[in-house]
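Novice: heads up, no residue letters with this:
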């Protein structure tokens, strides 16, 4: 027994030693360089990849451990593993099976080219009983940009064997979608099923995802069935649903069905994919396009050839409520994927494109469709896109805008992040801009043909030609209206989306303009507007360099400078320039033609000459300054029939005006302007040249030097002529007047009065126009008929009114009646006259009211007599009756009668004249009182009240009588 | 004693006299009718201005408590002096230009007796400007005419609205049938 025990002990010891020996030997073998090299070579030969293992060891349970495993091809590492434990059962050597394989932090790197490569792959001829992956990572190189990486992959698989039944479960966290994906593969090599389920949760912590909670939701589920078919071909059928899969900001819902057919070596693949989605994803291709597409159906049919590495899409079809897309194309999966495709976009609802439009255009309502033919070619990330987009008859309506017919034709090209539109056409009909009740602009037809260029890193450029037909505008109260606007021109703009600089020209062929009471027909004026400038958004500043407005008859005006805070409270600093404003054209167009219907006098006056203007204006609309110079050359004002003419006029005027009011400043250095009028000519007289200096500064217009006018053989001197504030109170005018020796003969002839001699002299030290009346101090004396008429207290009431009236008081001293009566052809009366006319008011050239007391005075050496003719005329004037019969009989023997007094007192008011005689006896009014000695005469007026119209009739009779008599005179 | 007091009281009451200066509305109405006929009537310019006294403001004595109001026959007011003639000429001359616009209904007569461009239908822009100019000039002349009449007749300033109202009646009464008139409520109607 003890021997047996001993034998057993020895055998056991030997066995243990043998096992130990074998284990040690195996350990040494495994740890040997030779074995490691052999393993590397064997694996390389079997897989076709370069396999490298840093260290190999034997685990206690005869497992094989490895570290620093890497698999590469052509120097490119495809797989790396930190630690690999491989447990092989002895019989597994013969079955080509690994009993258990554990991978710690393995990294698998593949490229699209690897996946779709043409190399023949060697199918692994071993199986794995149990596969565990912990902390794995899968990196897919797409060839462009960052690779697609799946990290923290956890995998547990049983019977991983492509040759037979397998069961594989893979779960990974996908950071890009904040979710995890689980893949399970079941089945054998001829009928394999795969299911992919993707979950998304609220939180992104890895721990939560790995230990899936009930808060996570399955957002993607897909099932694939791979079947081996005849002639060693395979088909993979798939279908799945997407339910609230979150991709960035959007949530995707839909379903798909796919069919993939392939030969055994994956050299030719046929692909069919049908998609249904609740909404088109925002991110299409390489750019984000946010469209409200509604339900989308899509269909792709294509095949893949591994020999030319090209995926050909025979049919691309996509339909949604936006519109329809169909086309075809090909994707060459070279190192850089390239795309060639022709797409036809049809029936695209304009309204659905709102999200692509700038914010202001999104508020409008669009009716109509558009279409486009699009060609895509080139590398996926650098596509060359060309095509033509068009539409016809679209309608646009919005608050303050409507367009009934919009037609677009836009050839475009998008390449290297640059957009080019060449000869893009826009045509619109019945465009209305502006809200009802506000100023509205209407254009019946508008067209634009232009280019748009937006190159990468460069500003947007737009250039084009425009045309407007039958345009116009109307203000809310219809007082400002433009009609019949036909215009064309061109406009170019650089950096239109940033700080644009622009240049343009508009030629207005016709325009009828109503601006309150002004009407202008610009058809013959052919206005041309040229503008060059820029706008800075940050400072809201408009720069004009310059803006030119030209009218055919009036000339051209140029404005240059800048306007800050254009859209707020504008502040401008502008220069207004003109080399030649033609007075005639300006006056005829803006004044005469516009207002002569109501003011016919405007049609009888004409202007000539031209002006140069250089004014700088600074400030805001509420308060600004205008400073510069106005120059007039060859100016002329004339009555068109040639009755009078003033000119040539030359003016050189430096000026400074402030709106709305002047500021206090010393005007010592105010520059002096010059005015000269070479001649004032009427049919009967000519006034020689008038020269004067004057100052228009800080709203004050002053003439520092006397203005001397040689007039009717005498001199008229106007002194201290000044307007204190031509802007604030333009009627506040003052001056003084001196008249020296004006010959009345010429004056009366010019005025068309009875000619009479004498001189007019006087001095009015102050004339002041303030408000409603022009008032004067001082007196003017008319030395006439051997005596003097002194006029005082002259006033003009409402000088600018159609009912202006002149008021004055006059005093008559020592007038020789004989001269006067001869001059006025009133018969012959001798004597000396004096008297007063108080409160004389002359309106519209007629005396309106006065109180007169005029009578003769006795003067030694001067007899007082009156002719029969004069007696007759006095009788007619005072009574209305012809006195011829009265002076028959004895009186008819005399031609002259003596008198002692002659005169009258009269009051005129409201066309009624109360006439009283120089003397009242027995309630009888004596106009002429006879002498004691014959021949003498008394004239008694029995009619005290005479209507003005009756008085005019009597005067007419007196004049007729005179004319008749004149004809009978020898 | 009481009887004496009562008699004294009656005496004082009847002895209180108030002097009122009345506006001669009837005379102004006659003047307005004449001027409107002269300037806008069919036989315009042929009618003579009425002849009458220079002053028509009458002093009427009314005795308190007894309603003894006595009205004297109002004399015609003055509507003839150079300023008034000038304004009448201006209005008369212009009327031929305005009437076509009134016939077409573009210009109407408002309740103040002034013209208003009430519609621009059927008018081109030139005609619209002309109508506007004519209406403004006409209204300016009418206002000036009323002021001149007031001045010529020494009517106080506060009587201007009465003059305008009276003239408005005349303009409206003598308007052709078919012209647009504004009633007191501000509504437009065709005469």
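Specialist: Great, that's in hand. These numbers were taken from a predicted model, which means no experiment stands behind them. Numbering: from 1, shown residues only, chains lettered A, B, ... in the order given.
Novice: show me where pLDDT drops low in chain B?
Specialist: Applying pLDDT under 70 to chain B picks out residues B:1-22, B:43-76.
Novice: longest single helix anywhere in the chain?
Specialist: Reading this off chain A. Selection of the longest helix in chain A by residue count, based on DSSP state H, yields helix A:2-31.
Novice: you looked at the wrong chain, it should be chain B
Specialist: Max-length helix for chain B by DSSP H is helix B:125-152.
Novice: all helices for chain A, in order.
Specialist: Using DSSP H, the helices found in chain A span residues A:2-31, A:33-47, A:90-95, A:112-115, A:206-210, A:359-362, A:583-587, A:593-595, A:744-751, A:817-823, A:868-879, A:948-968.
Novice: is it possible to export the ones you listed to a markdown table including mean pLDDT and distance to chain B?
Specialist: In this view, the C-beta of every residue, glycine as well, is placed from N, C-alpha and C. Conversion of these to a markdown table gives the following (pLDDT from 0 to 100; distance: least, C-beta to the nearest C-beta, whole Å):
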| stretch | mean pLDDT | distance to chain B |
| --- | --- | --- |
| helix A:2-31 | 81 | 107 |
| helix A:33-47 | 82 | 92 |
| helix A:90-95 | 67 | 104 |
| helix A:112-115 | 56 | 72 |
| helix A:206-210 | 50 | 76 |
| helix A:359-362 | 82 | 32 |
| helix A:583-587 | 90 | 17 |
| helix A:593-595 | 86 | 7 |
| helix A:744-751 | 82 | 18 |
| helix A:817-823 | 84 | 25 |
| helix A:868-879 | 80 | 18 |
| helix A:948-968 | 64 | 7 |
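Novice: would you list these in JSON lines and tack on mean neighbour count?
Specialist: Output for the helices of chain A, formatted as JSON lines (neighbours: other C-beta atoms under 10 Å in any protein chain shown):
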{"stretch": "helix A:2-31", "mean neighbour count": "11"}
{"stretch": "helix A:33-47", "mean neighbour count": "13"}
{"stretch": "helix A:90-95", "mean neighbour count": "11"}
{"stretch": "helix A:112-115", "mean neighbour count": "15"}
{"stretch": "helix A:206-210", "mean neighbour count": "15"}
{"stretch": "helix A:359-362", "mean neighbour count": "10"}
{"stretch": "helix A:583-587", "mean neighbour count": "19"}
{"stretch": "helix A:593-595", "mean neighbour count": "20"}
{"stretch": "helix A:744-751", "mean neighbour count": "17"}
{"stretch": "helix A:817-823", "mean neighbour count": "19"}
{"stretch": "helix A:868-879", "mean neighbour count": "21"}
{"stretch": "helix A:948-968", "mean neighbour count": "13"}
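Novice: Residue nearest the middle of chain B, spatially speaking?
Specialist: Of all residues in chain B, the one closest to the mean position by C-alpha atoms, centre = their mean is residue B:167, 2.7 Å from it.
Novice: hang on, that residue in a helix?
Specialist: Yes - membership of residue B:167 in a helix is supported by DSSP: H, G, I helix; E, B strand; the rest coil.
Novice: Specify the beta-bridge partners of residue A:811.
Specialist: With DSSP bridges as the criterion, residue A:811 is bridged to residue A:790, residue A:836.
Novice: got the contact list for it?
Specialist: Taking C-beta atoms under 8 Å, 6 or more residues apart in numbering or on different chains as the criterion, residue A:811 is in contact with A:789, A:790, A:792, A:835, A:836, A:837.
Novice: No further queries at this time; thank you.
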